[in-house]
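Undergrad: Got a predicted model here, sequence first, then my questions.
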Amino acid sequence: MSTAIAPAALTQPTSESPRRVVLKISGESFAQPGQLGIAPEELMVIAGEIVAATASGAQVAVVVGGGNIIRGAQLAAKGNINQSTADYMGMLGTVINGLALKEALEMLGREARVLSAINLTAVAEPFIRGRAIRHLEKGRVVILVAGTGNPFFTTDTCASLRAIELNADVLLKATKVDGIYTADPKKDPNAKRYDTLTFAEAIERQLGVMDLTAMTMCMERNLPICVFDFKTKGNIKRVVSGERIGTWVSRG
């Protein structure tokens, strides 16, 4: 098994150079299990964890999914809506979640900005790399919505792209389990959790960490990925503080 470790910048933070991370949160995280929409209590849990992580000076950008609102792929699969249109509908779902998260963060006293990959100037700023970095440097949480602005790309790919564009130190993949397993731990009691993996191992074993495009982008740019259970209180803060939790995927 790989003994890959995170880059030194991730384990030796300094007050002069606060850690910059991109956090990918699924749309389902905003809803109660098995339900749709936005559950206020789940929204506040997400916001509270992000606020706690930024308290140490970490710069946090968040890519949100929209599966709790609409799933474009499912609509397209039924043959009623062209996939391009369905994907744009899914992008609008991420905007709804992003706006809700911004309000929750500011209610807790943390400034936030919503930046959209599609033109929605009435509710969000356009995504401009320099502007996003400036917001991060000012201590604001940057919420990235509407994916890449293109159909046929997942929000996982968006997260990889934005993390690379923003020179993030690590891409955090928030999940419902505490890392990557050899099998679904809810179905297989013998499933084992990986502490570390290389990108090649994750792709070869088809572990479903992220879609192939997203994983390949991270591998080519040597951007480490941490897959962890973000619903455990304090986990986001632990990751940005350099603590080794979940499963780390790197070049090796």
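TA: In hand now; what should we look at? Note that the coordinates shown come from a computational prediction; the quantities given were computed from them, not determined experimentally.
Undergrad: can you tell me which residues contact residue 238?
TA: Listed by C-beta atoms under 8 Å, 6 or more residues apart in numbering, the contact set of residue 238 reads residue 245. The way it works is simple: take the backbone N, C-alpha and C, and place the C-beta from them, glycine included.
Undergrad: nope, residue 125 is what I was after
TA: 113, 114, 115, 116, 131.
Undergrad: Give me the buried subset of the residues you listed.
TA: 113, 114, 115, 116 (16 or more other C-beta atoms under 10 Å).
Undergrad: Among those residues, name the ones in strands.
TA: Among the buried ones among the contacts of residue 125, the ones falling in strands (DSSP state E) are 113, 114, 115, 116.
Undergrad: any chance of the buried ones among the contacts of residue 125 in a markdown table, with distance to residue 106 too?
TA: As requested, the buried ones among the contacts of residue 125 are arranged in a markdown table below (distance: C-beta to C-beta, whole Å):
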| residue | distance to residue 106 |
| --- | --- |
| 113 | 10 |
| 114 | 11 |
| 115 | 15 |
| 116 | 18 |
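Undergrad: Residue 146: which of those residues is nearest?
TA: residue 116 (4.6 Å; C-beta to C-beta).
Undergrad: Where do the helices of the stretch 51-200 of the chain begin and end?
TA: 72-77, 83-107, 129-137, 155-165, 199-204 (DSSP state H, counting those that start in this stretch).
Undergrad: Report the buried residues of the second one.
TA: Put plainly, it is helix 83-107. 86-102, 104-105.
Undergrad: burial measure for residue 186, as a count.
TA: Counted by other C-beta atoms under 10 Å, the residues lying close to residue 186 total 10.
Undergrad: Let me know the pLDDT of it.
TA: Note for residue 186: predicted pLDDT of 81.
Undergrad: what's the offset of stretch 151-169 from the middle of its chain?
TA: In terms of C-alpha atoms, centre = their mean, to the nearest Å, the centre of stretch 151-169 is set 9 Å apart from its chain centre.
Undergrad: Now that stretch: buried residues?
TA: 151, 153-164, 166, 168-169.
Undergrad: next one: stretch 55-70
TA: Across stretch 55-70, burial judged by 16+ other C-beta under 10 Å covers 58-70.
Undergrad: all strands for this protein, in order.
TA: Going by DSSP E, the chain shows strands at 20-25, 59-64, 112-116, 125-126, 141-145, 170-175, 196-198, 225-229, 247-250.
Undergrad: Just put these in a markdown table and tack on mean pLDDT.
TA: Below are the strands of the chain laid out as a markdown table (pLDDT from 0 to 100):
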| stretch | mean pLDDT |
| --- | --- |
| strand 20-25 | 96 |
| strand 59-64 | 97 |
| strand 112-116 | 98 |
| strand 125-126 | 98 |
| strand 141-145 | 98 |
| strand 170-175 | 92 |
| strand 196-198 | 93 |
| strand 225-229 | 93 |
| strand 247-250 | 94 |
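Undergrad: Would you format those as CSV with distance to residue 50 included?
TA: Formatted as CSV, these follow (distance: least, C-beta to C-beta, whole Å):
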stretch, distance to residue 50
strand 20-25, 7
strand 59-64, 6
strand 112-116, 9
strand 125-126, 19
strand 141-145, 6
strand 170-175, 10
strand 196-198, 25
strand 225-229, 14
strand 247-250, 21
